[in-house]
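Engineer: I'll drop the sequence and a predicted model, then ask my questions.
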Amino acid sequence: MEIKDIEYVKAIVKYKSITKAAEALYISQPSLSVYIKNMQERLGFEVFEQEGKKLSLTYLGEEFLSFGNQILKVREDFFDAVQNIQKNQFGRLKLAIPLLRSSYLVPELLPKFYQLYPNVEVILKETSSAKFPKLIKNGDVDLALMNRHHDDKYLTTEKIKSEEMVIALPSNHHLKSLYQTNKTQNCQYPSIKLDMLKDELFILHQPDQFSRQMAEDIFQQNHFHPKSILATRNIETATNLVANQMGVSFVNSSHTKHLNSNDKVILFSLEKKVTVDLIVAYRKGRKLPSYANDFIEICKNNI
């Protein structure tokens, strides 16, 4: 087994296509097909099986990739150690961050990081945070910034800050009078009972996103069943729909000042205030290079 074997198989599984995998690997499709054919002959077993146009791993192929990922992690740990020994003058930081957070945190954090480590390459993965634990476990990213939902025994996490989950209503909503009457001096937002929104359309994220899972937890804890739900992956879409009087939506308090529809929505705390931790996560047992640890400190000091 060679490192290239693992990387090529991993790419084909990820992209579900030899053609797309070849593009990502910057080689030709015929070259990749020939390589896989020769690799299987060299290994003495079939890694892939094909049914029509569908390409999938054989049982031995699944075992190959499982052990291969472990080899890649050991290799990654080795290079982390080398970079630590060499004072981290050069390196690569693979960072996962949700798309909306990326829009306002990356411009804040990266200039400070590059002042310390101008020769460290940063690779950003901007996608749904629900994918981050798997990306970390597979070695596709080094660090991930995300909200804590459920603890994962395979991850080490460090808390950056606590954030409140608030609810957005259209600025002309019939409950807008509560915006002043329920606001107290010590609270950033007035409070509202979830039951008061029982007839509203709730604009939530998709079920595989952490923010949707958090919303479901809030409903369960309050014994609340929304009358109807509209799902979207984009928080900007959700708040713009609220601004256009389509319904109501949960939003993280840290996001609120970065939304385009702030003047058309009003924000409430839930009567049972809900907070969630913003964390940075990485693979348990991994010895991070010092530049990764310094990036975590930059997050703690600047978010």
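Structural biologist: Received, thanks.
Engineer: going by C-alpha atoms from here, please, whenever you check contacts or count neighbours.
Structural biologist: Noted.
Engineer: in the stretch 1-150 of the chain, which spans are helices?
Structural biologist: Assigned by DSSP state H, counting those that start in this stretch, the helices in the stretch 1-150 of the chain fall at 3-15, 18-25, 29-43, 59-85, 99-116, 132-137.
Engineer: is the nearest residue to Lys193 once chain neighbours are set aside part of a helix or strand, or is it coil?
Structural biologist: Counting by CA to CA, 6 or more residues apart in numbering, Lys193 lies nearest to Glu271, which is 5.3 Å off, once chain neighbours are set aside. Secondary structure, DSSP: H, G, I helix; E, B strand; the rest coil: Glu271 is strand.
Engineer: and for the one 4 residues further on?
Structural biologist: Using three-state DSSP, the three-state assignment for Thr275 comes out as strand.
Engineer: pretty sure it contacts Ser162?
Structural biologist: Yes - taking CA atoms under 8 Å as the definition, Thr275 is a contact partner of Ser162 at 6.3 Å.
Engineer: in the chain, which helix or strand is least confident?
Structural biologist: The weakest-scoring helix or strand in the chain, judged by mean pLDDT, DSSP states H and E, is helix 178-181 (a mean of 66).
Engineer: which strands border the very next helix or strand once past that helix, and is each parallel or antiparallel?
Structural biologist: Per DSSP states H and E, the first helix or strand lying C-terminal to helix 178-181 is strand 191-192. Sheet pairing of strand 191-192 (DSSP bridges) gives strand 265-283 (parallel).
Engineer: export the helix or strand following the strand it pairs with as PDB, just CAs?
Structural biologist: Going down the chain from strand 265-283, the next helix or strand is helix 290-302, by DSSP H and E. What follows is helix 290-302, C-alpha atoms only, in PDB (Å, rounded to 0.1, in the frame of the first residue of the first chain):
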ATOM      1  CA  SER A 290       2.300  25.800  17.500                       C
ATOM      2  CA  TYR A 291       0.900  27.900  14.700                       C
ATOM      3  CA  ALA A 292      -2.500  26.100  15.100                       C
ATOM      4  CA  ASN A 293      -2.400  26.700  18.800                       C
ATOM      5  CA  ASP A 294      -1.600  30.300  18.200                       C
ATOM      6  CA  PHE A 295      -4.600  30.600  15.800                       C
ATOM      7  CA  ILE A 296      -6.800  29.200  18.600                       C
ATOM      8  CA  GLU A 297      -5.500  32.000  20.900                       C
ATOM      9  CA  ILE A 298      -6.200  34.600  18.200                       C
ATOM     10  CA  CYS A 299      -9.800  33.400  18.100                       C
ATOM     11  CA  LYS A 300     -10.100  33.600  21.900                       C
ATOM     12  CA  ASN A 301      -8.700  37.100  22.000                       C
ATOM     13  CA  ASN A 302     -10.600  38.500  19.000                       C
END
